[in-house]
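> Here's a sequence, model it:
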Amino acid sequence: MTADAPTAGNAKNARLVLMTLAAGQFLMALDSSVMNVSIATVAEDIGTTVTGMQGAITAYTLVMAMLMIAGGKVGALIGRRRAFMIGCVVYGCGSFTTSIAPNLTVLLLGWSFLEGVGAALILPAIVALVASNFAVERRPAAYGLVAAAAAIAIGLGPLIGGVATTFFSWRWVFAGEVVVVLVILVLARRIADAPIDHKPRIDLLGAVLSALGIGLFVFGVLRTSEWGWFHPKAGAPAWFGLSPVVWLMLAGLFLVWLFFRWEARLVARGTEPLVDPALVHNRQLTGGLTMFFFQYLVQMGVFFVVPLYLSVALGLSAVRTGVLILPLSISLLAAAIAIPRFRPDASPRRVVKLGILSMFLGALVLLAVLDVDSEAAVVTVPLLLIGLGMGALASQLGAVTVSAVPDEQSAEVGGVQNTVTNLGASIGTAVAGSILITMLTSSFLTSVEQNPAIPAEVKSQANVRLAGGAPFLSDAQLTAALDEAGVESEVAEAALDANATARIDGLKAALGILALAALTALFFTQRIPETQPGAART
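Numbering: from 1, shown residues only. Okay, here's the model as predicted:
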C-alpha cells in the first residue's frame with residue numbers, strides 16, 4: 001500500500017517532504033544550466049577550451065542518460081529513500097571535487113562522472129517517493145511542484161552562475177551545492193520510503209548494453225567537430241575510409257537494438273527485464289517521452305549557444321549574460337506555473353503544439369536577427385518565446401508520462417523519462433557545438449582565403465592548423481594570440497574581421513539545427529492525449 005503518513009495527519013511534514021524532494025530535483029536541474037554563462041571563464045581557469053567545456057557539459061548529462069535506468073533498479077533493490085540518500089552523498093562528493101578542480105580531468109571526474117552517478121540514483125527515486133508520500137489525489141500537484149523546481153533551477157541557473165562567477169568564483173556554486181546536499185540529507189529522514197513488493201533482479205547485461213549503446217552514440221556526435229561527420233577531417237583518424245563518428249553511432253544504435261532484443265527475450269522466458277519492452281508500444285508514454293527528448297535537445301542547445309554569443313562574441317560578463325537570459329527564465333516559469341493553475345483542463349496536445357511552435361519561432365527569430373553588428377538586446381524577444389515554449393511543455397509532459405502506466409510502474413517510467421531527457425540534453429549540446437565549430441571553421445578559412453591582405457603563407461598555415469576545427473575565441477583572446485605571434489597589424493585586423501563573421505555564422509548554423517529539431521517534434525504530437533490525464537483515466 002502507499003504510505004500516506006505525511007499527508008494524512010501532518011500537513012507541515014508533507015510540505016517538508018515535498019520541499020526536500022523538490023530541492024533534490026532543483027539541484028539536478030541546476031547543474032544543466034548554471035555554468036553555461038561561465039563557459040569562457042571556467043575554460044580559462046582550468047586551462048581548456050570552449051570545446052573542452054562542451055565535452056564536460058555533454059558528459060554530465062550523458063552519464064545520467066547511461067545510468068538512469070540501472071539507477072532506478074538499484075533504488076527498487078535497496079529502497080528508494082536509501083538510494084536517494086546515497087545518491088545525494090555521491091553527488092555532494094562530486095560537487096566538492098568540482099569546486100576544487102585544477103584542470104579539465106578533475107572537473108570531468110567531479111562534475112561529469114560523480115555528479116552524474118549521483119543524479120542517476122536520485123532522480124528515479126524522487127518519482128517513486130512522491131508516489132509513496134502523497135495520496136493519489138495529491139500526486140499531480142506534487143509532481144507539478146517537483147517539475148516546477150526543475151524549471152526554476154533551469155531558469156535561475158544562468159543568473160546564479162553569472163553572479164557567482166562575476167563577484168566571487170564559479171567554484172562557489174559547487175561549494176554551495178555541498179551545503180544544500182547536507183541539508184537535504186538531514187531532512188530526508190522524514191520521507192516515508194516507497195514500499196518494495198519484491199526485490200528485483202538487476203539485468204546486468206541489459207544495463208551494460210543500454211549504457212554502452214547510448215554512450216557510443218553520443219560520444220560519436222560529440223567528436224564530429226574534430227573528426228568530421230562522414231568524411232574524416234585532415235589529421236583525424238579514418239576507419240575504412242570513413243570518420244570514426246559513423247562507426248561509433250552505428251555501433252551505439254546496434255547495441256541499443258540488441259538491448260531491446262535481449263529485454264524481449266527475458267520477458268519471453270518469464271524473467272524480469274531492466275525495462276519492460278511493452279512500454280515501447282504505449283502510445284501515450286512514447287509520445288510524452290519523444291516530446292521530452294526534443295524539448296531538452298532544443299533547450300540545452302539554446303543554453304549552450306546563446307551564452308556563447310553573449311559572453312564570447314559580445315564579451316559580456318557572466319552576470320550580464322545571466323541577466324540577459326532572464327527573460328527566458330521568467331517566461332518559462334510563468335508558463336510552467338500559470339497554465340496548470342489557470343487552464344487546468346486545457347488540452348495537453350494543444351498546449352504542447354503551441355509550446356513547440358513558440359520554441360521554433362523563437363529560434364527562427366534569433367537566427368534572423370543575429371549579425372556581426374547586433375547588440376545584446378536582440379536576444380530578448382526570441383528568448384521570451386523559447387521560454388514560453390519550454391514552460392508550456394514542462395506544464396504537461398510529466399503528468400502525460402506518469403499517467404500512461406499503472407502506479408507500480410511509475411519508478412520504472414521515471415528512470416526511462418530521465419534517460420530520454422538527459423539523452424536529449426547530451427545530443428542537443430553535442431550537435432549544437434559540433435555544427436557551430438564546423439561552420440565557424442569553414443567560414444573563417446573561407447574569409448581568410450578570399451582576403452587579399454593576408455599573405456599566401458599565412459593562408460596556407462591557417463588551412464593546415466585549423467583543418468581539424470577552429471577554436472571559438474573572443475576578440476580579446478584572438479588579439480592576444482596574434483600579438484604573441486608577432487602578426488602584422490593589417491593581417492591581424494583581417495583575422496579579427498574573419499573571426500567575428502565566422503562566430504556569427506557558426507552560431508546561426510547551430511540555431512538553424514535547433515529550429516529544425518523543434519519543427520520535427522511537431523510530427524510526433526499526435527501521440528499526446530487531447531484530454532488531461534486525470535479526466536482520461538478511470
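
> leaving aside the residues next to it on the chain, what's closest to residue 181?
Excluding its sequence neighbours, the residue lying closest to residue 181 (Cβ to Cβ, 6 or more residues apart in numbering) is residue 92, at 3.7 Å. C-betas here are computed from N, CA, C, even on glycine.

> Please name the residues that touch residue 117.
63, 67, 87, 90, 94 (Cβ atoms under 8 Å, 6 or more residues apart in numbering).

> Quick check: the residue nearest to residue 181 is in a helix.
Yes: assessed with DSSP: H, G, I helix; E, B strand; the rest coil, residue 92 lies in a helix.

> What is the neighbour count of it?
As a burial measure, residue 92 scores 23 neighbours (other Cβ atoms under 10 Å).

> gap between it and residue 26?
Distance of residue 92 to residue 26, given as Cβ to Cβ, to the nearest Å: 14 Å.

> Equivalent analysis for residue 149, please.
Distance of residue 149 to residue 26, computed by Cβ to Cβ: 4 Å.

> just residue 42 next, same as before
Residue 42 is 21 Å from residue 26, by Cβ to Cβ.

> Looking at these two now, which is surrounded by more residues?
residue 42 (27 against 22).

> That one contacts residue 170, doesn't it?
Yes: when contacts are counted by Cβ atoms under 8 Å, residue 42 is listed as touching residue 170 (5.4 Å).

> quick one, phi/psi of residue 318?
Phi and psi for residue 318, reported as degrees, to the nearest 10, are phi -60, psi -40.

> In the stretch 1-150 of the chain, mark out all the strands, start to finish.
Under the criterion DSSP state E, counting those that start in this stretch, the stretch 1-150 of the chain carries no strands.

> In it, mark out all the helices, start to finish.
Using DSSP state H, counting those that start in this stretch, the helices found in the stretch 1-150 of the chain span residues 5-8, 11-30, 39-46, 50-78, 80-99, 104-107, 115-133, 139-167.

> Of the ones you listed, flag the one that's most buried.
helix 115-133 (a mean of 28; mean count of other Cβ atoms under 10 Å).

> now the angle from that one to helix 139-167?
150 degrees (axes from the mean of the first three to the mean of the last three Cα atoms, to 10 degrees).

> what angle sits between helix 115-133 and helix 80-99?
150 degrees.

> hey, C-alpha coordinates of helix 115-133 in PDB?
C-alpha atoms of helix 115-133 as PDB (Å, rounded to 0.1, in the frame of the first residue of the first chain):
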ATOM      1  CA  GLU A 115      27.500  14.100 -10.000                       C
ATOM      2  CA  GLY A 116      26.100  12.100 -13.000                       C
ATOM      3  CA  VAL A 117      26.200   8.900 -11.000                       C
ATOM      4  CA  GLY A 118      24.500  10.600  -8.000                       C
ATOM      5  CA  ALA A 119      21.800  12.000 -10.200                       C
ATOM      6  CA  ALA A 120      21.100   8.600 -11.700                       C
ATOM      7  CA  LEU A 121      20.300   7.300  -8.200                       C
ATOM      8  CA  ILE A 122      18.400  10.500  -7.100                       C
ATOM      9  CA  LEU A 123      16.000  11.200 -10.000                       C
ATOM     10  CA  PRO A 124      14.300   7.800 -10.300                       C
ATOM     11  CA  ALA A 125      13.900   7.700  -6.600                       C
ATOM     12  CA  ILE A 126      12.200  11.100  -6.500                       C
ATOM     13  CA  VAL A 127       9.400   9.800  -8.800                       C
ATOM     14  CA  ALA A 128       8.700   6.800  -6.500                       C
ATOM     15  CA  LEU A 129       9.000   8.800  -3.300                       C
ATOM     16  CA  VAL A 130       6.400  11.300  -4.400                       C
ATOM     17  CA  ALA A 131       4.000   8.400  -5.100                       C
ATOM     18  CA  SER A 132       4.800   6.800  -1.600                       C
ATOM     19  CA  ASN A 133       4.400  10.000   0.300                       C
END
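
> what angle separates it from helix 50-78?
Using the same axes, to 10 degrees: helix 115-133 against helix 50-78 is 40 degrees.

> Tell me, how many residues neighbour residue 230?
Using other Cβ under 10 Å: residue 230 sits among 11 other residues.

> Isn't it up against residue 241?
No: contact criterion Cβ under 8 Å: residue 230 and residue 241 do not qualify, at 10.0 Å.

> Now the phi/psi pair for residue 239, please.
The phi/psi pair for residue 239 (degrees, to the nearest 10) is phi -110, psi 110.

> contacting residues for it?
246-247.

> same thing but 7 Å
By Cβ atoms under 7 Å, 6 or more residues apart in numbering, the contact set of residue 239 is residue 247.

> May I have the beta-bridge partners of it?
Residue 239 has these beta-bridge partners by DSSP bridges: residue 242.

> per-residue confidence for it?
According to the prediction, residue 239 has pLDDT 83.

> ok, it to residue 73 distance?
Relative to residue 73, and taking Cβ to Cβ, residue 239 is found at 34 Å.

> likewise residue 31?
Taking Cβ to Cβ, one finds residue 31 at 23 Å from residue 73.

> Please apply the same query to residue 400.
From residue 400 to residue 73 the distance is 23 Å (Cβ to Cβ).

> cool, residue 83 as well?
Distance from residue 83 to residue 73, by Cβ to Cβ: 10 Å.

> Residue 332 too?
With Cβ to Cβ as the criterion, residue 332 and residue 73 are 32 Å apart.

> Leaving out the residues flanking it, which one is nearest to residue 182?
Nearest residue to residue 182 in three dimensions, chain neighbours excluded: residue 92, at 7.1 Å (Cβ to Cβ, 6+ apart).

> was I right about residue 287 contacting residue 521?
No: between residue 287 and residue 521 there is no contact under Cβ atoms under 7 Å: 10.7 Å.

> out of everything not next to it in sequence, what's closest to residue 22?
residue 149 (3.8 Å).

> tell me the average confidence for the longest helix along the chain?
The single longest helix within the chain, with elements called by DSSP state H, is helix 410-450. Mean per-residue pLDDT for helix 410-450: 78.

> do the same with stretch 129-140
Stretch 129-140 shows a mean pLDDT of 68.

> export the helices of the stretch 1-150 of the chain to JSON lines and tack on distance to residue 252?
Below are those laid out as JSON lines (distance: least, Cβ to Cβ, whole Å):
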{"stretch": "helix 5-8", "distance to residue 252": "42"}
{"stretch": "helix 11-30", "distance to residue 252": "24"}
{"stretch": "helix 39-46", "distance to residue 252": "26"}
{"stretch": "helix 50-78", "distance to residue 252": "11"}
{"stretch": "helix 80-99", "distance to residue 252": "25"}
{"stretch": "helix 104-107", "distance to residue 252": "24"}
{"stretch": "helix 115-133", "distance to residue 252": "18"}
{"stretch": "helix 139-167", "distance to residue 252": "27"}
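
> Out of these, flag the one nearest residue 362.
Across the helices of the stretch 1-150 of the chain, residue 362 has its closest neighbour in helix 139-167 (15.0 Å, Cβ to Cβ).

> Return the distance of the closest one from the chain's centre.
In this view, helix 139-167 has its centroid 13 Å away from the chain centroid, taken as Cα atoms, centre = their mean, to the nearest Å.

> Give me the helices and strands touching it, please.
Counting by 3 or more Cβ pairs under 7 Å, 6 or more residues apart in numbering; DSSP states H and E, the packing neighbours recorded for helix 139-167 are helix 11-30, helix 115-133, helix 171-187, helix 318-342, helix 380-394, helix 397-402.
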